[in-house]
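> 3D model of this:
(one chain, ligands or ions: 1)
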Amino acid sequence: MRLLLDTANIEDIRYINTYFPIVGVTTNPTILSREGGDPAARLCEIRQIIGPDKELHVQITETEYEKIMAEAEIIVGALGKNTFVKIPITDVGLRAVRDLTAKGYHVTVTAVLSAGQALLAASAGADYVAPYVSRLENICENGVEAVAEIQQVFDAAGCSTKILAASFKTAREVVDVALTGAATATVSTFVMQKLLVHTTTDTSIKGFRDDWENVFGKRTLGSWLTNGEQK
Ligand code: G3P
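Predicted structure coming up:
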């Protein structure tokens, strides 16, 4: 499953983009508001950090059709061709999705909570639909099952729209969503780190180092293989 980072925090993006296999960054008005400052400058800096080829998902703030269309053009003009315009699932949003995708824009339909909404978004031509896993769990729904149902609908329809699962609170949710066959997920820095860390891994790595040094001291394998030329 392809992973994106769901934050607008510059330090986190620099770190995760350096070490983790992400294919892009997702933002929304809430995420940008958490960081404050100038959101335009922040988005340009994010684009500069991840480079021109990775996906940057940016949500519109307008709610009227003509203004959404104009704002989408401004967003992509400012942030480059691999920028996905995020549009919440509404009637006006669907109209904009249909017309923006017809013009060649990449569009992500967001705040999706049901297979019905996902079906509409896919029919309108969305590149991605973003179901909110934890927000479903928080209203006593099954977020992972909702993603699985959306995937089934897309498979049955043979449509090219992909799932960009979002709103994760735990690493377990991410793995469960991956098992549904969902193409993509966007996760917070916290969840990304939870996917990586395991205390038994730490113990194992310490064991490798201790065992090596007990026998070979501080001399590295590279040094042995190059007869001491590699220091
Ligand atoms: O990408 C959408 C996501 O940020 C929503 O997540 O944690 O606010 O439910 P959350």
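> okay, now residue 155: neighbour count?
Residue 155 has 10 neighbouring residues, counting by other CB atoms under 10 Å. Heads up, the C-betas are built off the backbone N, CA and C, glycines and all.
> Name the SS class of it, please.
Counting by DSSP: H, G, I helix; E, B strand; the rest coil, the backbone at residue 155 sits in helix.
> Spatially nearest residue to it (excluding sequence neighbours)?
residue 181 (7.8 Å; CB to CB, 6 or more residues apart in numbering).
> show me what contacts that neighbour?
By CB atoms under 8 Å, 6 or more residues apart in numbering, the contact list for residue 181 reads 148, 151, 155.
> go with 10 Å
If a contact means CB atoms under 10 Å, 6 or more residues apart in numbering, then residue 181 has 1, 147, 148, 151, 152, 154, 155, 163 as its contacts.
> Narrow the residues you listed to just the buried residues.
147, 148, 151, 154, 163 (16 or more other CB atoms under 10 Å).
> got the contact list for the first one?
Meaning residue 147. Residue 147 neighbours (CB under 10 Å, 6+ apart): 112, 115, 118, 129, 131-133, 136, 163, 165, 173, 176-182, 185.
> Test my guess that residue 183 contacts residue 150.
No. Residue 183 sits out of contact with residue 150 when judged by CB atoms under 10 Å, with a separation of 11.0 Å.
> and the two? which has more neighbours close in?
In this view residue 183 and residue 150 are compared by other CB under 10 Å, and residue 150 has more residues nearby, 26 against 15.
> State the phi and psi torsions of that one.
phi -60, psi -40 (degrees, to the nearest 10).
> Name the nearest residue to it, ignoring sequence neighbours.
residue 118 (4.3 Å).
> and the longest helix along the chain, what does it pack onto?
The longest helix of the chain (DSSP state H) is helix 199-216. Contact analysis of helix 199-216 by 3 or more CB pairs under 10 Å, 6 or more residues apart in numbering; DSSP states H and E lists helix 221-225 as its packing neighbours.
> Find residues that contact each of residue 183 and residue 150.
161, 163, 165.
> of those residues, closest to the ligand?
residue 165 (9.3 Å; CB to the nearest ligand atom).
> so what strands line up beside the helix or strand where the closest one lies?
For residue 165, the host element (DSSP states H and E) is strand 162-165. Applying DSSP bridges, strand 162-165 is found paired with strand 128-131 (parallel), strand 184-187 (parallel).
> Run the contact check for that strand versus the ligand.
No. Residues of strand 162-165 are not located near the ligand by CB under 6 Å from any ligand atom, the shortest gap being 8.1 Å.
> Next SSE downstream of that strand?
Taking DSSP H and E, what comes next after strand 162-165 is helix 171-179.
> for that following helix, the distance to its chain's centre please.
Centroid separation for helix 171-179 versus its chain: 14 Å, with CA atoms, centre = their mean, to the nearest Å.
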